[in-house]
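S.K.: predicted model, plus sequence, below.
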Amino acid sequence: MKLSIPLKLSEISKILNKNFSGNDVEIKFLTGVEEASPGSLTFAKSNKFLKIAEKNGASAIIVEENMETTIPHIKSKNPQLDFIKLIKYFYPENHFKDLKGISKTAKISKNAIIGKNVYIGDYTIIMGNTQIGDNCKIFPHVVIYPNVKIGNNCVIHSFSTIRENSEIGNNVVIHNGSVIGGDGFGFVKDENGRYHKIPHVGKVIVKDNVEIQSNSCIDRAPYGATIIEEGCKIDNLVQIAHGCKIGKNCVFSSQTGIAGSTIVGENVICAGQVGIADHLKIGDNAVLFAKTGAALKVKPGEVICGYPPLKVETFRRNYVILKRLPEIFSEFKEIKKKLKEIEEKNE
Amino acid sequence: MKLSIPLKLSEISKILNKNFSGNDVEIKFLTGVEEASPGSLTFAKSNKFLKIAEKNGASAIIVEENMETTIPHIKSKNPQLDFIKLIKYFYPENHFKDLKGISKTAKISKNAIIGKNVYIGDYTIIMGNTQIGDNCKIFPHVVIYPNVKIGNNCVIHSFSTIRENSEIGNNVVIHNGSVIGGDGFGFVKDENGRYHKIPHVGKVIVKDNVEIQSNSCIDRAPYGATIIEEGCKIDNLVQIAHGCKIGKNCVFSSQTGIAGSTIVGENVICAGQVGIADHLKIGDNAVLFAKTGAALKVKPGEVICGYPPLKVETFRRNYVILKRLPEIFSEFKEIKKKLKEIEEKNE
Amino acid sequence: MKLSIPLKLSEISKILNKNFSGNDVEIKFLTGVEEASPGSLTFAKSNKFLKIAEKNGASAIIVEENMETTIPHIKSKNPQLDFIKLIKYFYPENHFKDLKGISKTAKISKNAIIGKNVYIGDYTIIMGNTQIGDNCKIFPHVVIYPNVKIGNNCVIHSFSTIRENSEIGNNVVIHNGSVIGGDGFGFVKDENGRYHKIPHVGKVIVKDNVEIQSNSCIDRAPYGATIIEEGCKIDNLVQIAHGCKIGKNCVFSSQTGIAGSTIVGENVICAGQVGIADHLKIGDNAVLFAKTGAALKVKPGEVICGYPPLKVETFRRNYVILKRLPEIFSEFKEIKKKLKEIEEKNE
């Protein structure tokens, strides 16, 4: 990203209210380490990334306080957070700043209550008894079903659906095509083998500061609530089933799925394509590597990998073994044979 | 869920046309076992759930006929089905009962044929030569492409697309954002390494009483039809590829994917994130545990787990071994060494 | 698919500009091998499919030049490609040929630039500073955010979102409900354990001749671009994260997910439910079987399977072992015991 006019490193360090070391070079771009080139200011969280930046000829870099480099730099407790400050300073995301007012083509129930300073885009539909707080931006082509409550400062992007009874907190962002509060997937078989749908008269509660990316689904509970606690971040194409309780500040990467009634603690990280079975407990601070399947409860702080799930170290050591397993198995058969020979000799 | 006025257990048992045992307690809530508290009526399909209900102080419970409990109870052949009857009785899902008539903002082709008593919501689009049966509810923001047939009593939720040529039976429910009848994913490489799309002139046929949750995709066949037989239940984010035939009453949980031309029998259960390869046969009543990958045919009634797929018992016994594999492998190397020593001694 | 009037095989071979062998039979249908019956013309890429066609009584078949059959046939370098030519000849996909003009209900920014001969359907929204090339078909209910560029001859289906800054090449097809250019999933934790969103001021670039099926997500880069090179084919429910570079002519089947900043070479094939970790390199012509998880770089031409990923031959040989693992482990324990006995005897 090119700055509109080049700036000295000293001027940039002033924006961050921090000192800099080295020459007061001219900065033309803010870039990631991999796109860095002469003229770039970038950032590094580790020496691995620092080396990439140096190799690419970055003019300056924001580094952790304990890192050393010969190129001009700013030291920071959190280089990425400071870099984000600069991005926001130089490239304010203001595409949407003009989105104001309520479109005449939006269909809003007479029973809906809309807060102050709300934007509601073209063709958006807000059904009966729904409440929307102040300063929300509801993009074009959103459908909000009846009896929904939405807090203040929320952003809901096109083609998202908020189903009946959902409660959304403050500062929540929901991207395109996600479905919040859809019917849970529950059916009971009768004596003729026919399925009867379990009515889902519960709801979804999404607390403050949650962000939900695109095309994800969070189903409502049959009774009671599916709850997404404050600060959770949910990626694209994620499934959270009926009756789950997700603790604060969890991060679920794309295509992760959590089955019904599972209780996830705080600060749990699920990398991509993780699956968690129903009615489980996942402890605080657990980390599930990509593609992990959790079929049994996970202790607080546990770090697991694979399916069936293993400790990461075991997973890695097993991998070395699995790559050689056919060969090892041949040796095993050889051992069996030899042992038999020895036994026969000994008899 | 709170009852509007408390009722005696005797009054509730009359609704079910069943007897009760124990004190004629007052019921204030209908809840699941996990949310049960004094005042609750709940249900239990097994002693595991009965114990949770007892521990939580439920006032009364619906149990299987062979189960014993000291708390007031109603015996039932199918406790959950009776509980559902009560939920429907006390909390009729009538958010949508007022959805009537055809919105003036709906764009309906002159060549479309619309049945009696149909609701078509705002901004919904129905293209040429499409037929919609009686008593259907087509929510706002649905797009139905040309040459589609939809039976009676269907419900189609916002942002679902029904693509060209699809045939939907009676009593079918399609939730938000699903795509029925999209182009199958098929390309042929030419001698220059360029892909040419295979035209998909076939269709999707969805039979009666099927329910499809949100953001799922069922692709149409290149020629002939992708078929979803009567009574199938398909969860969120499921993929069913071109030319599959899915037998009656199958249940596919979230994020399951079935590749092209596979034939699935009746009553097959796929838990979450299951994958089935193309051109396979999956026998009636097979059960595929979560995250199973089926790359070979599955026999009727088989129960498999994992990838590569194993019998469940093998999967579980292997899990115990895999957790100890590095240690076992060390022992194995030790054995090799000792055996060599013995052999050398014996020579 | 029934031909409107039956044709002789000689007439069909003229359409392909090829010779035929055997009787000049009458062709009534074009079908796949599995739906073939007397009257059918079908095609076979291998003897396996030829046998199915013969068994089903196909009247004629297009086969590879080196294949032999007693039924009337046309030989071809690429039987499927020739079959596609016939399908296109007899069943031109012309549902959409009448889609012309710009709907009055479409909301198009005054700052948007629209090419010649463009169709824009009902209720579609095109925000500020967006450019759309000639001959594009933008279906009803598409939302295009600001600052988007779309080339010529593109087709965008209902409920797809093209987010801010995206650049789409020529001849690109995007099916229903896909989200191109959504915010990348990136957050930085501060010292209080709270997440801050990384602003994504980059873009997505989709090059010429790419096809993206339904409900897939391609996220934009934080800075720079996520790039999908020419000719890629992306199935339903696929996730491509921020900053990925995908080489020419890659094919990603359904529910595949590629994590951030990964660089994929040309002609890479990912079967269904594949996962690729972040910051990896996947070499040209690599093949990842269904459900493969790639956590380390993959060499050009490598063919891998499973998670952890193995060479296909190893995967298959391991499968045989894993099915017997509990039994093998019993033998192993027996060997340990016997060896101990021998050692004790020898002492």
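M.R.: The structure has been received and is ready for your questions.
S.K.: now for A:G257, how many residues are close by?
M.R.: A count of nearby residues for A:G257, using other CB atoms under 10 Å in any protein chain shown, gives 29. Placement of C-beta: from N, CA and C, glycine included.
S.K.: oh, I was asking about A:F49
M.R.: 21.
S.K.: now it: which helix or strand?
M.R.: Secondary structure assigned from DSSP states H and E places A:F49 in helix A:47-55.
S.K.: packing partners for that helix?
M.R.: Based on contacts counted as 3 or more CB pairs under 8 Å, 6 or more residues apart in numbering or on different chains; DSSP states H and E, the elements that helix A:47-55 packs against are strand A:40-44, strand A:60-64.
S.K.: possible to save these as JSON lines with mean pLDDT, mean neighbour count and distance to chain B?
M.R.: Rendered in JSON lines, the data for the helices and strands packed on helix A:47-55 read as follows (pLDDT from 0 to 100; neighbours: other CB atoms under 10 Å in any protein chain shown; distance: least, CB to the nearest CB, whole Å):
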{"stretch": "strand A:40-44", "mean pLDDT": "96", "mean neighbour count": "26", "distance to chain B": "34"}
{"stretch": "strand A:60-64", "mean pLDDT": "97", "mean neighbour count": "25", "distance to chain B": "34"}
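S.K.: out of those strands, the one nearest A:G257 is which?
M.R.: Judged by CB to CB, the one of those that comes nearest to A:G257 is strand A:40-44, at 33.5 Å.
S.K.: strands paired with the closest one, and their directions?
M.R.: Paired neighbours of strand A:40-44 in the sheet (DSSP bridges): strand A:26-30 (parallel), strand A:60-64 (parallel).
S.K.: among those, which is nearest C:N23?
M.R.: When the strands paired with strand A:40-44 are ranked by distance to C:N23, counting by CB to CB, first place goes to strand A:26-30 at 71.4 Å.
S.K.: quick one: average pLDDT of the closest one?
M.R.: Per-residue pLDDT over strand A:26-30 has a mean of 94.
S.K.: any low-confidence regions in chain A?
M.R.: Judged by pLDDT under 70, chain A has its weakly predicted residues at A:94.
S.K.: could you chop it up by domain?
M.R.: For chain A, automatic domain parsing gives the domain ranges A:2-90, A:159-308, A:315-346.
S.K.: confirm A:D208 sits in a helix?
M.R.: No: counting by DSSP: H, G, I helix; E, B strand; the rest coil, A:D208 falls outside a helix, being coil.
S.K.: residues near it, how many?
M.R.: A:D208 is surrounded by 17 other residues when neighbours are defined as other CB under 10 Å.
S.K.: how close does it sit to A:E230?
M.R.: 5 Å (CB to CB, to the nearest Å).
S.K.: can you check A:S13 too?
M.R.: Taking CB to CB as the measure, A:S13 falls 34 Å from A:E230.
S.K.: again, but for A:K75
M.R.: For A:K75, the distance to A:E230 (CB to CB) stands at 32 Å.
S.K.: got it, and A:K299?
M.R.: Spatial separation of A:K299 from A:E230 under the definition CB to CB is 23 Å.
S.K.: who has more neighbours, these two?
M.R.: Just comparing A:K299 and A:E230: by other CB under 10 Å the higher neighbour count belongs to A:E230, 18 against 13.
S.K.: could you look up the SS state of that one?
M.R.: Following three-state DSSP, A:E230 is assigned to coil.
S.K.: surely it touches A:V210?
M.R.: Yes: assessed by CB atoms under 8 Å, A:E230 is found in contact with A:V210 at 7.1 Å.
S.K.: ok, now which ones touch the closest residue to A:F185 other than its chain neighbours?
M.R.: Using CB to CB, 6 or more residues apart in numbering or on different chains and skipping residues adjacent in sequence, the residue nearest A:F185 is B:D235, 4.4 Å away. For B:D235, the set of contacting residues under the criterion of CB atoms under 8 Å, 6 or more residues apart in numbering or on different chains consists of A:185, A:239, B:213, B:216, B:252-256, B:272.
S.K.: let's see that with 10 Å instead.
M.R.: Listed by CB atoms under 10 Å, 6 or more residues apart in numbering or on different chains, the contact partners of B:D235 are A:182, A:184-185, A:217, A:219, A:239, A:241, A:257, A:259, B:175, B:211-216, B:251-256, B:270-272.
S.K.: out of the residues you listed, which sit inside strands?
M.R.: Among these, DSSP state E puts A:182, A:217, A:219, A:239, A:257, B:211-212, B:251-252, B:270 in strands.
S.K.: joint contacts of A:D208 and A:E230?
M.R.: When contacts are counted by CB under 10 Å, 6+ apart, the set common to A:D208 and A:E230 consists of A:169-172, A:248.
S.K.: between these, which is nearest A:H157?
M.R.: Sorting these by distance to A:H157 puts A:V172 at the head of the list, at 11.6 Å, by CB to CB.
S.K.: any idea how many residues pack against the closest one?
M.R.: 25.
S.K.: chain B contacts on the stretch 1-150 of chain A?
M.R.: Counting by CB under 10 Å from any CB of the partner chain, the residues of the stretch 1-150 of chain A close to chain B are A:105-107, A:122-125, A:127-129, A:141-147.
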